[in-house]
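Trainee: Quick one: sequence plus predicted model below, questions after.
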Amino acid sequence: MMNPELQTIHQVEGRADLDSLLDSLLSVLRKEIEVYGELAQAIALEKDVLRKPSLDSLHESNARKETCILKSRLLEEVRSKTVGRIALTLGIDEGGLGLQSILPHAKGDLARDLRECHRDLRLLAGRIQEENRRNRSLLDASLDGVRSSYQFIGSLLGGGPTYMDSGELKNGHVSGRICSERG
């Protein structure tokens, strides 16, 4: 059996290691909040690019988002390693370990700060999802317009049959050519 004084020292050292790891996790989460904030801003700016597109602005918008995504992947890797070390320190499986599972092990200001980061990340994720949904609606409407124009021009150029197989007149389709085929 371990000496009670040594056991207490070991517990204090273990707590210090855990607090240090939780501090590292907090630092990574704060950086992720910053990067996701940049991504949310880039996606919000993308709305203007979609309304008034130019090739340069599209490239710039995509580059901004790609940079944010690359940063977030790097931070995700660091966070994953930190969570793995926390799991090892706590002696639990890291497979299902998330921030909600870690929070009960945090104390005082550290616990409060981790909860705030968790809340901020959830809010940012919702904001990004909503902005993406709006941008997708703009893109869908634009794509519908392009398809309609393509079909209209195709019907003017190609003509196509005026009558259906049953002999009835096709309604709603413009028939004819805008170019004369006579020589």
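Mentor: Yep, it's here. Residues are numbered from 1 along each chain as shown.
Trainee: quick one: contacts for the residue found closest to Glu94 once you drop the neighbours it is linked to in the chain?
Mentor: Closest residue in space to Glu94, ignoring its immediate chain neighbours: Ala87 at 3.5 Å, by C-beta to C-beta, 6 or more residues apart in numbering. All C-beta spots, glycine's among them, are computed from the backbone N, C-alpha and C. Residues counted as contacts of Ala87 (C-beta atoms under 8 Å, 6 or more residues apart in numbering) are Asp93, Glu94, Leu97.
Trainee: can you redo these as TSV with pLDDT and neighbour count?
Mentor: TSV is the format used below for the contacts of Ala87 (pLDDT from 0 to 100; neighbours: other C-beta atoms under 10 Å):
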residue	pLDDT	neighbour count
Asp93	84	8
Glu94	81	15
Leu97	82	15
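Trainee: ok, these vs Leu22, which is closest?
Mentor: Leu97 (12.7 Å; C-beta to C-beta).
Trainee: From Gly96, how far off is the nearest residue to that closest one once chain neighbours are set aside?
Mentor: Closest residue to Leu97 apart from its sequence neighbours, by C-beta to C-beta, 6+ apart: Ala87 at 5.0 Å. Remark: distance between Ala87 and Gly96 (C-beta to C-beta, to the nearest Å) = 10 Å.
Trainee: low-scoring stretches of the chain, by residue?
Mentor: In the predicted model, the chain carries pLDDT under 70 at residues 1-16, 158-163, 169-183.
Trainee: how about the strands of it, start to end?
Mentor: Counting by DSSP state E, one finds no strands in the chain.
Trainee: ok now whichever helix in the chain runs longest, how far from the chain's centre?
Mentor: Criterion DSSP state H: the longest helix present in the chain is helix 108-158. From the chain centre to the centre of helix 108-158 is a distance of 9 Å (C-alpha atoms, centre = their mean, to the nearest Å).
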